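Novice: next comes the sequence, and after it the predicted model I'd like to discuss.
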Amino acid sequence: MKKIILSNCWSYKNKGDASIVYGTLDLLEETITDYEVSALTFDVNSFKDNKNKFNKNVKFLLMPSLIKPIDLMCRFLYGLNFINNKLLNEFSGLFFIYTQIYLFNIIRRFNKELDAVLKEIDECDLFISVGGNYLWSHSGLYIHLVPMIYAKTVNKPLILLGHTVGPFDFKYIDSWMRKIISNSDEVLVREDLSKKYLKEYGIKNVVAISDMAFIIKTNINKIIQQTNNDKSIGVTVRKYLFSEPEYFRRYIESMRRIIEYYASSGYSVYIFPFSYAPGKEQDIQISQYLKQVLNPQAQAKTEVITLEDLSSYEILDLFQKLNFKILFGTRLHSTILAALVNIPSVTISYQHYKAYGITKQLKMEKYIVKMEEISYRNLKAMGNELLNELDDKKHVLENTIDEMNKRTINTTKIIFKKYLNKLH
């Protein structure tokens, strides 16, 4: 029985992160046999509460850097990273990582939870850092890196699987990340922008595959899609992460007007909160607010649909049944899941490497706009053009995703065989 670690699984409450986990597990099932998985997560309770929706040989454990007293002892060091001083940020981040790894070997002697998690890494045959958008210059980078670095200290093969990478803005972190990524055994990014960035970075062993959410197994009823002529659109919105409130106001105003425009044109509108994680990742409030600011006619034709308790497979089934024509998607993985059931999207980008890279991969680069450049006018133009090209874009999505996934499965089969030598 081969033991595999999936690290940096965020939260089941964020449907994008959950989709990455589902897709990664489906990929393992597709490419290897006789294995068990331990998934290291930031939100172990949300995954454990939905364990029955995975139907996989997987258990969920807390990320080692979040286990007390490691977590308590390192909060101060991590807090220094929020001080507006680049040099202090860099050194506190590095000190944070290596302090944690040093403390591991001391504290595990009397902390059973930490020892159990580290023992899973010590005994694994393959350590996979699951994909996403956390390998860039931001405050959470250091927490994500701790288990990856620990895995290399105990000589485990490390695969970066389906990542967006960069940019790294600070001098010392830049050179330090260059070393960490170079020392990874396999670097598999999820779009060509990251591949190009890393090539320019001097890292040669980079392969582009698809985002793991594309690997989710689907059973699309195309007859229903072709015969259902209901007029409806989907929408996902999110809080803006950065410090430009005027961009966010313009974004919400543009989304309000686009919903009112399509409602006045006879469309029903579904707003899908896509993340239920606390704080800045919580989408319910902004989704409900968007409905509240609509005019009465649009409010009557708009529904906020909760996805909190649904698996990625259940979301795909819901999207297919609702069969909305297009999606105006701020949450990137809402556009990916929509694409899996042949629903094309106008993508609103707030972190541009991942959104532009994946949209280009899908051959949908005409239909993306940066949040800071958004307007009602460009959303309306993109939406109407996409509706006019709907049949063609559905065909492109279906063929493109099929080709992407075949390439990803073939690539990872070779890589997993290299380290596990256990293929179907």
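Specialist: Done, it's in.
Novice: worst-scoring helix or strand of the protein, pLDDT-wise?
Specialist: Least confident helix or strand, the chain: helix 222-227 with a mean of 46, by mean pLDDT, DSSP states H and E.
Novice: tell me which residues are up against the helix or strand that that helix is followed by.
Specialist: Next along the chain after helix 222-227, taking DSSP states H and E as the criterion, comes strand 232-236. By C-beta atoms under 8 Å, 6 or more residues apart in numbering, the residues outside strand 232-236 that reach it are 255, 259, 262, 267-274, 283, 290, 319, 322-331, 334, 338, 343, 383. In short, each C-beta sits where N, CA and C put it, glycine included.
Novice: now do the helices in the stretch 301-424 of the chain.
Specialist: With DSSP state H, counting those that start in this stretch as the criterion, the stretch 301-424 of the chain has helices at 312-322, 332-340, 352-361, 376-388, 390-420.
Novice: do you know which of these lies nearest residue 29?
Specialist: helix 390-420 (10.9 Å; C-beta to C-beta).
Novice: and the angle from the closest one to helix 332-340?
Specialist: Taking axes from the mean of the first three to the mean of the last three C-alpha atoms, to 10 degrees, one finds that helix 390-420 is oriented at 110 degrees with respect to helix 332-340.
Novice: number of residues surrounding the closest residue to residue 103 other than its chain neighbours?
Specialist: Nearest in space to residue 103, with sequence neighbours left out and distances taken as C-beta to C-beta, 6 or more residues apart in numbering, is residue 70 at 5.9 Å. Residue 70 has 24 neighbours, counted by other C-beta atoms under 10 Å.
Novice: my guess is residue 70 contacts residue 101. True?
Specialist: No: the pair residue 70 / residue 101 is not scored as a contact, 9.9 Å apart, by C-beta atoms under 8 Å.
Novice: list the contacts for the nearest residue to residue 150 once chain neighbours are set aside?
Specialist: Leaving aside its sequence neighbours, residue 150 sits nearest to residue 101 (C-beta to C-beta, 6+ apart; 5.6 Å). Residues counted as contacts of residue 101 (C-beta under 8 Å, 6+ apart) are 146, 149-150, 153.
Novice: which one of those residues sits closest to residue 118?
Specialist: residue 150 (7.3 Å).
Novice: now do the contacts for that closest one.
Specialist: If you count contacts by C-beta under 8 Å, 6+ apart, residue 150 has them with 64, 101, 104, 118, 121.
Novice: who does the lengthiest strand in the chain pair up with?
Specialist: When the chain is scanned for its longest strand (criterion: DSSP state E), the result is strand 126-135. According to DSSP bridges, strand 126-135 forms sheet pairs with strand 2-9 (parallel), strand 158-165 (parallel).
Novice: after that strand, next one along is what?
Specialist: Taking DSSP H and E, what comes next after strand 126-135 is helix 141-153.
Novice: can you pull the domain assignment for the chain?
Specialist: 2-216+403-420, 222-388 (automatic domain parsing).
Novice: endpoints of the longest one, how far apart?
Specialist: For domain 2-216+403-420, the first and last residues are 7 Å from each other (C-alpha to C-alpha, to the nearest Å).
Novice: how far off centre is it?
Specialist: Its chain's C-alpha centre and that of domain 2-216+403-420 lie 12 Å apart, by C-alpha atoms, centre = their mean, to the nearest Å.
Novice: ok, now stretch 358-372?
Specialist: Centroid separation between stretch 358-372 and its chain, computed with C-alpha atoms, centre = their mean, is 16 Å.
Novice: ok, and what's touching that stretch?
Specialist: 190-193, 210-211, 240, 244, 247-248, 251, 330, 332, 335-336, 339, 344-350, 352, 355-356, 378-379, 382, 385-386, 393, 396-397, 400-401, 404.
Novice: mind doing that once more with 6 Å?
Specialist: Stretch 358-372 is contacted by residues 191, 247, 251, 346-350, 378, 382, 386, 396, 400 when judged by C-beta atoms under 6 Å, 6 or more residues apart in numbering.
Novice: ok so, going back, now for the strands paired with strand 126-135, which one comes closest to residue 299?
Specialist: Nearest to residue 299, of all the strands paired with strand 126-135, is strand 158-165, at 36.3 Å by C-beta to C-beta.
Novice: right, and the helix or strand after the helix or strand where residue 101 lies?
Specialist: Element membership for residue 101, per DSSP H and E: helix 86-107. The helix or strand immediately downstream of helix 86-107 is helix 112-122, counting by DSSP H and E.
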